[in-house]
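Next input, structure requested:
(2 chains)
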Amino acid sequence: NAGVTQTPKFQVLKTGQSMTLQCAQDMNHEYMSWYRQDPGMGLRLIHYSVGAGITDQGEVPNGYNVSRSTTEDFPLRLLSAAPSQTSVYFCASTRGYGAKNEQFFGPGTRLTVL
Amino acid sequence: TQLLEQSPQFLSIQEGENLTVYCNSSSVFSSLQWYRQEPGEGPVLLVTVVTGGEVKKLKRLTFQFGDARKDSSLHITAAQPGDTGLYLCAGDTSGSRLTFGEGTQLTVNP
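Here you go, the predicted model:
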């Protein structure tokens, strides 16, 4: 049981490049999320999914796309990277719902956009 | 606009001291969670508080949810170097969708 895995762990991009951050979970959770973490800002929700085939926007969705073709995978795509997207990105998988929910976070991807 | 405000933002104390971290909001939450994050890793859930006035204890850590479910506190007794980390509170406003505070970076010096 690997929990939530993220790849790559580190990435450097040039402005305008595109890339996909991978996230996978083996806990059969329906709910998955992507966050970015910046100094002094806590974690901000980018996109989330309540199940395969269903995605929705979070607090800071601009510049990011997601898809959810399977329960296990929830990739985050940057279409045209910008320096403002330099951040640490966390994927999370949620067990339960409402007050009973528990989020499991991956180890993060540290992205630098030059 | 930060929905959840944590204070202090940074805290450096000596081993054996007590400390309290606060998480405040003008919004009411159905539940509130506390996470601890170590460098290079994702946050790990410590506790969830649900009922106004609820107090939960996890060894030397005591968590309290405000009566109005708008604020929470984390108290650590006799802090140890192993308690060092970033402590995050997160409020549940819509099912499983969480809003995070900016975090409190705690350093416990031996």
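
So what does residue A:48 look like in phi/psi?
Main-chain torsions, residue A:48, degrees, to the nearest 10: phi -140, psi 170.

if I look at it, how far off is chain B?
7 Å (CB to the nearest CB, to the nearest Å). (C-beta placed from N, C-alpha, C; glycine too.)

Check which helices and strands the helix or strand residue A:23 falls within sits against.
Applying DSSP states H and E as the criterion places residue A:23 in strand A:19-25. Helices and strands touching strand A:19-25, by 3 or more CB pairs under 8 Å, 6 or more residues apart in numbering or on different chains; DSSP states H and E, are strand A:4-7, strand A:10-13, strand A:31-38, strand A:76-78, strand A:87-95.

Residue B:26: which of the ones you listed is closest?
Of all these, strand A:31-38 sits nearest to residue B:26, with 22.6 Å by CB to CB.

Now the closest one: buried residues?
Within strand A:31-38, the residues that count as buried by 16 or more other CB atoms under 10 Å in any protein chain shown are A:31-37.

Okay, now the sheet partners of it, with direction.
Using DSSP bridges, the strands paired with strand A:31-38 are strand A:42-51 (antiparallel), strand A:87-95 (antiparallel).

Any buried residues in the next helix or strand after the last one, and which?
What that stands for is strand A:87-95. Next helix or strand after strand A:87-95 toward the C-terminus (DSSP H and E): strand A:102-105. Residues A:103-105 are the ones in strand A:102-105 that count as buried (16+ other CB under 10 Å).

ok, which of those residues also contact chain B?
A:103-105 (CB under 8 Å from any CB of the partner chain).

Tell me if I'm right that residue A:18 and residue A:77 touch.
Yes: counting by CB atoms under 8 Å, residue A:18 touches residue A:77, with 7.0 Å between them.

could you dump the strands paired with strand A:31-38 to CSV with mean pLDDT and mean neighbour count?
Listed next are the strands paired with strand A:31-38 as CSV, based on pLDDT from 0 to 100; neighbours: other CB atoms under 10 Å in any protein chain shown:
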stretch, mean pLDDT, mean neighbour count
strand A:42-51, 93, 21
strand A:87-95, 95, 23
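
Please name the residues that touch the spatially most central residue of chain A.
In chain A, the residue lying closest to the centroid (CA atoms, centre = their mean) is residue A:34, at 2.8 Å. For residue A:34, the contact set (CB atoms under 8 Å, 6 or more residues apart in numbering or on different chains) comprises A:21, A:23, A:45-48, A:58, A:64, A:66, A:74, A:76, A:89-92.

so who does the residue in chain A that chain B sits nearest to touch?
Chain A approaches chain B most closely through residue A:105 (2.9 Å), counting by CB to the nearest CB. Each residue near residue A:105 by CB under 8 Å, 6+ apart is listed here: A:4, A:90-92, B:42-44.
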